[in-house]
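**Student:** let's see this in three dimensions:
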Amino acid sequence: MLNKPITTLLLLALLPILLGAQPCREVIGYYPGWKWPKRNYLVNPQSIQYHRYTTINYAFFEPLPDGRVIPFDGYADKTILLGEIRSNAPAGYKHRRIPGNPAYHDRKTSLVYQAHQHGVKVALSIGGWTLTENFPAIAASEEKRQRFASSCAELVQLYGIDGIDIDWEYPGYAPNNGSPADKRNFTLLLRELRNALDALEPRVGKKLWLSAAFGVAPVRMENIEWDEVVPLLDHINLMTYDFYGGNYWQTNHHAPLYAPREGLDGYDLHSVVQRLRNQYGVPSEKITIGIAFYGRSIKTKGNPGLHVATEKVPDTRTFDEGNGAPQFYTILAKQHLFYYHWDQEAQAPYLKSREPLNTFVSFEDENSVARKGRYIIQHNLGGAIIWDITGDYLETHPGSGVVAMTPLAKALSDALCGKWYFEEDFNPVSIFTHRRQVTLPPCPIHVHCYTSPPRVFAVAEPHLTKKEKRKLKRKQKRQRKKQTRRKYFYG
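**Tutor:** Coordinates of the predicted model:
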């Protein structure tokens with residue numbers, strides 16, 4: 001009889017090890033359903049590295065004009081949330097934009113089942129940039145607010161998920177049908193939804209959470225009734241990225257931790273957090289900062305650099321995905337075209353292109369992500385959100401379909417748990433000699449693996465004399481003529 005309690009206690013103690021230790025603060029990873037097929041379905045419910053997150057926000061479902069909420073992609077959303085579709089599904093079921101029927105799915109292959117097996121929560125994110133235009137009309141009508149809340153509650157029950165995330169971009173934003181009335185109506189919508197989730201909790205037997213994503217420009221923050229909204233939410237998800245994009249007149253960091261030397265006042269993570277806490281009284285423990293697993297490119301008028309004039313267009317030729325906003329794995333694949341630099345003031349990396357390109361890239365690497373993790377601890381914040389988790393899934397080699405590592409998510413997790421070594425005095429020239437080497441995971445059978453290279457970028461821009469630069473330029477020109485296509489290990 002004594003053995004059972006001892007065995008149970010032992011299993012409970014070993015559970016974090018068996019499942020993989022999770023981050024020491026909240027790490028909410030957004031998983032966009034439309035990216036499921038990319039790279040031969042590399043990031044799927046079976047391959048997701050659940051131990052890197054505490055919650056997966058599945059993005060996005062669409063709010064209809066009448067207040068109902070439905071899948072954006074009938075096939076992907078049903079398959080991911082309910083599991084692979086069985087052969088007993090009726091004709092036409094596969095692609096219909098309906099929430100779905102669990103009887104037609106293999107539950108154990110679903111995101112929800114897999115996440116819960118690893119102790120990770122799943123929430124449904126509604127809206128997003130392209131699906132936000134119906135929010136103003138829904139929030140303005142009591143009938144539609146009630147229908148919206150009821151629809152969300154039904155989806156929570158159907159999928160067995162743990163909460164709802166609202167991504168309205170943005171209350172009061174006129175191009176997306178917004179008006180000044182949104183400020184009050186946003187509060188009313190969240191209150192209706194909070195009440196519906198609270199009423200559902202006894203039935204599902206668990207706490208259901210509610211979060212929302214917020215724009216961080218001062219004008220966006222002014223359109224929120226913070227004193228009434230904050231008590232309704234479990235997390236305040238800050239979109240602390242895209243401060244500067246591919247259409248700005250000057251190059252700058254799109255997700256700096258601190259204010260860069262030049263730029264708009266308040267357009268950095270630290271300023272946003274301070275404003276939210278000091279001006280609006282938002283408790284630190286509810287704040288989750290945004291971390292971008294993608295970059296922003298922009299073409300420069302002359303030689304690329306930080307704070308130089310631009311053509312106000314992204315480099316869509318070098319980075320054809322996302323309109324010049326490359327994922328982290330794509331930036332690594334193009335690393336041979338760039339020099340790496342680090343901005344000590346902003347605590348952010350950036351890339352300057354080699355000739356003949358005139359391209360600047362702002363992005364996040366392990367060093368900047370780890371510093372944001374440390375910032376969370378230092379300022380007692382609730383945690384971080386990631387947009388989006390697919391950005392740092394690196395393959396054993398391009399096209400293998402086998403996940404090798406998730407370096408940005410690992411850096412965040414390590415920093416939150418005090419396991420990251422910070423090199424405070426590094427510079428762009430020495431960073432690669434100081435950067436830790438990585439040991440590759442075992443090579444899967446029948447999969448070719450490359451030998452271990454330095455982590456991330458292979459070269460920083462050298463400091464050369466004019467004579468040395470001319471010599472290097474001639475050498476590079478000769479190399480380009482005879483260069484064959486190279487293969488790169490993304491890690």
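**Student:** now do His270, the pLDDT please.
**Tutor:** At His270, the model reports a pLDDT of 98.
**Student:** where do the helices sit along the stretch 351-491 of the chain?
**Tutor:** For the stretch 351-491 of the chain, the helices defined by DSSP state H, counting those that start in this stretch occupy 366-378, 407-416, 431-434, 466-482.
**Student:** by mean pLDDT, show me the worst of these.
**Tutor:** helix 431-434 - the lowest mean pLDDT of the helices of the stretch 351-491 of the chain, at a mean of 32.
**Student:** distance of Glu84 relative to Tyr113?
**Tutor:** 11 Å (Cβ to Cβ, to the nearest Å). Just so you know, the C-beta spots here come from the backbone N, C-alpha and C atoms, and that holds for glycine as well.
**Student:** ok, Gly119 next?
**Tutor:** 13 Å.
**Student:** ok, Thr132 next?
**Tutor:** 30 Å.
**Student:** more crowded one of these two?
**Tutor:** Thr132 (23 against 17; other Cβ atoms under 10 Å).
**Student:** who's in contact with the more buried one?
**Tutor:** 167-170, 176 (Cβ atoms under 8 Å, 6 or more residues apart in numbering).
**Student:** narrow those to those that are buried.
**Tutor:** Buried residues within the contacts of Thr132, defined by neighbour count using 16 or more other Cβ atoms under 10 Å: 167-170, 176.
**Student:** so Ala255 is in which element?
**Tutor:** Assignment of secondary structure by DSSP states H and E places Ala255 within no helix or strand.
**Student:** now do the closest residue to it other than its chain neighbours against Tyr30, distance only.
**Tutor:** Closest residue to Ala255 apart from its sequence neighbours, by Cβ to Cβ, 6 or more residues apart in numbering: Tyr241 at 4.1 Å. To Tyr30, Tyr241 is 12 Å away according to Cβ to Cβ.
**Student:** who touches both of the two?
**Tutor:** Counting by Cβ under 8 Å, 6+ apart, the contacts common to Tyr241 and Tyr30 are Trp387.
**Student:** ends of stretch 239-252, how far apart?
**Tutor:** Stretch 239-252 has its terminal residues 17 Å apart, counting by Cα to Cα, to the nearest Å.
**Student:** state the mean pLDDT of it.
**Tutor:** 95.
**Student:** in it, what counts as buried?
**Tutor:** Counting neighbours by 16+ other Cβ under 10 Å, stretch 239-252 gives 239-246, 248, 250-252 as buried.
**Student:** please produce CSV containing those, extended by secondary structure and distance to Leu188.
**Tutor:** Listed next are those as CSV, based on DSSP: H, G, I helix; E, B strand; the rest coil; distance: Cβ to Cβ, whole Å:
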residue, secondary structure, distance to Leu188
Met239, coil, 22
Thr240, coil, 27
Tyr241, coil, 29
Asp242, coil, 28
Phe243, coil, 30
Tyr244, coil, 34
Gly245, coil, 32
Gly246, coil, 36
Tyr248, coil, 35
Gln250, strand, 40
Thr251, coil, 42
Asn252, coil, 37
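**Student:** closest one of the residues you listed to Gln22?
**Tutor:** Of all the buried residues of stretch 239-252, Gln22 sits closest to Thr240, with 22.5 Å by Cβ to Cβ.
**Student:** for Ser211, give me its contacts.
**Tutor:** When contacts are counted by Cβ under 8 Å, 6+ apart, Ser211 is found next to 28, 57, 123, 163-166, 233-237, 288.
**Student:** quick one: the helices in the stretch 201-350 of the chain?
**Tutor:** 218-221, 226-229, 269-278, 328-333.
**Student:** what does the first one rub up against?
**Tutor:** Applying Cβ under 8 Å, 6+ apart, the contact partners of helix 218-221 are 170, 172-173, 214-215, 266, 275-276, 280.
**Student:** filter these to the buried ones?
**Tutor:** Counted by 16+ other Cβ under 10 Å, those give 170, 172-173, 214-215, 266, 276, 280 as buried.
**Student:** I'd like the list of the residues you listed that fall within strands, please.
**Tutor:** Among the buried ones among the contacts of helix 218-221, the members falling in strands (DSSP state E) are Phe214.
**Student:** quick check: which ranges of the chain have low pLDDT?
**Tutor:** Residues of the chain meeting the criterion pLDDT under 70: 1-21, 423-469, 471-491.
**Student:** mind redoing it with 80?
**Tutor:** Judged by pLDDT under 80, the chain has its weakly predicted residues at 1-22, 421-491.
**Student:** grab the most central residue of it for me.
**Tutor:** The chain has Trp387 as the residue nearest its centroid, 1.5 Å off, counting by Cα atoms, centre = their mean.
**Student:** just give the nearest non-adjacent residue to it, would you?
**Tutor:** Computed as Cβ to Cβ, 6+ apart, the closest residue to Trp387 that is not its neighbour in sequence is Tyr30, at 5.1 Å.
**Student:** next one: Arg147
**Tutor:** Spatial nearest neighbour of Arg147, chain neighbours left out: Gly67 (3.4 Å); criterion: Cβ to Cβ, 6+ apart.
**Student:** mind checking the SS state of the one you found?
**Tutor:** coil (DSSP: H, G, I helix; E, B strand; the rest coil).
**Student:** and it, its phi and psi?
**Tutor:** Main-chain dihedrals, Gly67, degrees, to the nearest 10: phi 110, psi -20.
**Student:** how many neighbours does Ile331 have?
**Tutor:** By the criterion of other Cβ under 10 Å, Ile331 has 24 neighbours.
**Student:** wait, Pro175
**Tutor:** Using other Cβ under 10 Å, Pro175 has 7 other residues around it.
**Student:** so how far is Pro65 from it?
**Tutor:** Using Cβ to Cβ, we find Pro175 at a distance of 18 Å from Pro65.
**Student:** could I get the buried ones among the contacts of Thr132 as JSON lines with distance to Tyr104?
**Tutor:** Listed next are those as JSON lines, based on distance: Cβ to Cβ, whole Å:
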{"residue": "Asp167", "distance to Tyr104": "28"}
{"residue": "Trp168", "distance to Tyr104": "32"}
{"residue": "Glu169", "distance to Tyr104": "33"}
{"residue": "Tyr170", "distance to Tyr104": "37"}
{"residue": "Asn176", "distance to Tyr104": "35"}
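**Student:** what is the nearest of these to Ser362?
**Tutor:** Once Cβ to Cβ is applied, the member of those that ends up nearest Ser362 is Glu169, at 20.7 Å.
**Student:** separation between that closest one and Asp227?
**Tutor:** Separation of Glu169 from Asp227 (Cβ to Cβ) stands at 22 Å.
**Student:** and if you look at Val219?
**Tutor:** Shown here: Val219 relative to Asp227, a distance of 19 Å by Cβ to Cβ.
**Student:** correct me, but Ile224 touches Lys183?
**Tutor:** Yes. Using Cβ atoms under 8 Å, Ile224 is in contact with Lys183, at 6.8 Å.
**Student:** and for these two, which residues touch both?
**Tutor:** Each of Pro171 lies in contact with both Ile224 and Lys183 under the rule Cβ under 8 Å, 6+ apart.
**Student:** and the two? Which one has more around it.
**Tutor:** Using other Cβ under 10 Å as the criterion, Ile224 and Lys183 rank with Ile224 on top: 24 against 16.
**Student:** for Glu285, give me its contacts.
**Tutor:** 380-382.
**Student:** out of those, who's the most crowded?
**Tutor:** Busiest of the contacts of Glu285 [other Cβ under 10 Å] is Leu381, holding 23 neighbours.
**Student:** tell me the contacts of it?
**Tutor:** Residues near Leu381 by Cβ under 8 Å, 6+ apart: 25, 273, 284-285, 287-289, 375.
**Student:** please consider this matter closed, and thank you.
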